[in-house]
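Visitor: Here is my input, please return the structure:
(one chain, ligands or ions: 1)
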Amino acid sequence: MIIAIDGPAASGKGTLSRKLAEHFALPHLDTGLTFRAVAHALLTAAKPLDDEDLAEAAAQALDLAALDRSVLSAHAIGEAASKVAVMPRVRQALLEAQRAFANRPGGAILDGRDIGTVVCPDADVKLFVTASAEIRARRRTDEILARGQAADYAQILEDVKKRDERDQTRAVAPLIPAEDAHLLDTTKLDIEGAFQQAVRIVEETQEK
Ligand code: DC
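Guide: Alright, predicted model coming up:
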């Protein structure tokens with residue numbers, strides 16, 4: 001079984017994907033981390049973010065087993081990732097690694113922006129997780145404050161909107177729901193509520 005989960009930044013799709021992976025005992029790939037790892041490799045080597053040859057080479061050298069969420073989750077790396085994510089050759093190199101992960105025997109859960117539309121168009125279940133920009137910015141702010149760091153809601157809201165705009169309007173693999181995706185709006189749901197709805201959608205698909 002392949003489960004494809006897409007949605008904008010801070011929609012809750014990451015937490016939801018991890019919970020579903022545990023529940024259904026499936027391996028999980030957060031494809032955002034693959035773009036973040038490319039950006040991180042360039043940043044740590046003090047290389048520019050707008051050179052497609054360098055970014056493609058970093059994408060080809062990526063080791064999926066070495067992705068470290070604790071390093072890659074930094075806000076600045078997310079911003080840099082959305083810049084390398086517009087490059088077609090970076091997307092192509094990562095697409096191959098992402099598809100190989102998806103096609104493991106036994107199945108997998110992948111989450112990102114274009115899983116249901118591009119990476120796994122034949123996925124058994126597709127979810128598109130959304131929430132209003134305001135609630136996503138509020139959740140991000142609370143997460144950062146909970147880590148004891150400073151966070152400015154207005155600034156984060158502006159970043160969330162800018163990131164949505166960049167992800168939705170890029171020419172290659174923009175963020176849009178697949179035609180056959182189930183929409184899951186988490187604006188008024190907590191993670192447990194979203195998880196229960198998602199489990200129900202997956203189970204209903206399995207019964208068909
Ligand atoms: O979900 P995230 O914040 O970790 O993603 C980081 C960036 O990578 C985001 O701006 C969009 C991009 N991305 C993408 O283009 N396609 C994916 N499948 C996953 C992420």
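
Visitor: From here on, just use CA atoms for contacts and neighbour counts.
Guide: Noted.

Visitor: Next to the ligand in this structure, residues from the chain, please.
Guide: 9, 31-33, 35-36, 78, 81-82, 85, 112-115, 167 (Cα under 6 Å from any ligand atom).

Visitor: Report pLDDT for the closest residue to residue 10 other than its chain neighbours.
Guide: Leaving aside its chain neighbours, residue 10 sits nearest to residue 136 (5.3 Å; criterion: Cα to Cα, 6 or more residues apart in numbering). Listed pLDDT for residue 136 reads 95.

Visitor: Then the one 3 residues further on?
Guide: Model confidence at residue 139, given as pLDDT, is 92.

Visitor: what comes up buried for the helix or strand containing it?
Guide: Using DSSP states H and E, the element containing residue 139 is helix 133-146. By 16 or more other Cα atoms under 10 Å, the buried positions in helix 133-146 come out as 133-142.

Visitor: The closest residue to residue 122 other than its chain neighbours: neighbour count?
Guide: Spatial nearest neighbour of residue 122, excluding adjacent residues (Cα to Cα, 6+ apart): residue 116 at 7.6 Å. Per other Cα atoms under 10 Å, the neighbour tally for residue 116 reads 28.

Visitor: and what of residue 28?
Guide: Counted with other Cα under 10 Å, residue 28 comes out at 20.

Visitor: same question, the one 4 residues further on
Guide: Counted with other Cα under 10 Å, the burial measure for residue 32 works out to 20 neighbours.

Visitor: quick one: pLDDT of it?
Guide: 95.

Visitor: which of the residues in the helix or strand encompassing it are buried?
Guide: In this structure, residue 32 sits in helix 31-44 according to DSSP H and E. For helix 31-44, the neighbour count (16+ other Cα under 10 Å) marks 31-42 as buried.
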